[in-house]
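Asker: sequence plus predicted model, see below.
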Amino acid sequence: MAHDQPWRASGTTRLPLGHCCQVTAGPSGSLLDTLHDGPSGVPVIAPPDLTEHLTVDTRRIRRVPDSQAQRLARFALQAGDILLVRQGTLGRLALIGAEHTGWFYSSSCLRIRPDRTRILPEYLAAYLAHPPVQRELVAQAQSGTVPSLNSAMLNEFPVEVPPLARQQSVVDALADIDEQIEVQRMMLNRLVTLRPSVFDKLTRGE
């Protein structure tokens, strides 16, 4: 497996993820046996809540009672954490925002907490979501009835780490592209909505 060593003369290094992040597996199922669908309590993010856009869909989020929060304190999330699915839809991930601070995560996820002096959370999320990296990550999964990843595997998983300034340039460029994608998506949705009314008007000779 990878070791601390120069990867490219440009300053990028290839490190085991555990050298620049803390990886923590989710709580055991017994600690989440009071999950419920009600509006009160602390939200718990599960694999179905992670979207393909690296965000969290909160519409069907489940919760644990406030009285149980203390025993789950070490699994609390903070802005910049990355959640990665370790069972089920392997490799799906989300970047945790400030609005999710203090929430918990399920036993089917791993929490990655980047060392910001070495790697930016936004860069790492984009890196781990990159298709070739996703394929390499999923290939590491333990075989079995339900393929899975664990924290030991993830700690050894190699990550390309450019200098922080270059990481920020990557993040900014991808943000610009994502903004353009959203603009184009909105235009497409508008045209799809407009199409039936144009058809009606044209067939009526208006």
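Answerer: Received, thanks.

Asker: buried stuff in the lengthiest helix in the chain?
Answerer: If you go by DSSP state H, the chain has its longest helix at helix 164-203. With burial defined by 16 or more other CB atoms under 10 Å, the residues of helix 164-203 counted as buried are Gln167, Val171. (C-beta placed from N, C-alpha, C; glycine too.)

Asker: please apply the same query to stretch 135-153.
Answerer: For stretch 135-153, by 16+ other CB under 10 Å, it's Leu137, Ala141, Ser148, Leu149, Ser151, Met153.

Asker: likewise for stretch 73-91?
Answerer: Result for stretch 73-91 [16+ other CB under 10 Å]: buried residues 75-77, 80-87, 90-91.

Asker: before we move on, back to that, packing partners of the longest helix of the chain?
Answerer: helix 121-129 (3 or more CB pairs under 8 Å, 6 or more residues apart in numbering; DSSP states H and E).

Asker: CA atoms of the helix it packs on as CSV?
Answerer: Extracted in CSV, the C-alpha atoms of helix 121-129 (Å, rounded to 0.1, in the frame of the first residue of the first chain):
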residue,chain,number,x,y,z
PRO,A,121,-12.7,18.7,2.5
GLU,A,122,-14.1,20.0,-0.8
TYR,A,123,-11.1,18.7,-2.7
LEU,A,124,-11.2,15.3,-0.9
ALA,A,125,-14.9,14.9,-1.6
ALA,A,126,-14.4,15.6,-5.3
TYR,A,127,-11.4,13.3,-5.4
LEU,A,128,-13.3,10.4,-3.8
ALA,A,129,-16.3,10.9,-6.1
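
Asker: which residues does whichever helix or strand comes after it contact?
Answerer: Tracing the chain C-terminally past helix 121-129 and defining elements by DSSP states H and E, one meets helix 131-139 next. By CB atoms under 8 Å, 6 or more residues apart in numbering, the list of residues contacting helix 131-139 from outside reads Leu90, Gly91, Tyr127, Leu128, Pro147, Leu149, Phe157.

Asker: the fourth one is in contact with Leu95, isn't it?
Answerer: Spelled out, that is Leu128. No: if you go by CB atoms under 8 Å, Leu128 and Leu95 don't touch, sitting 9.8 Å apart.
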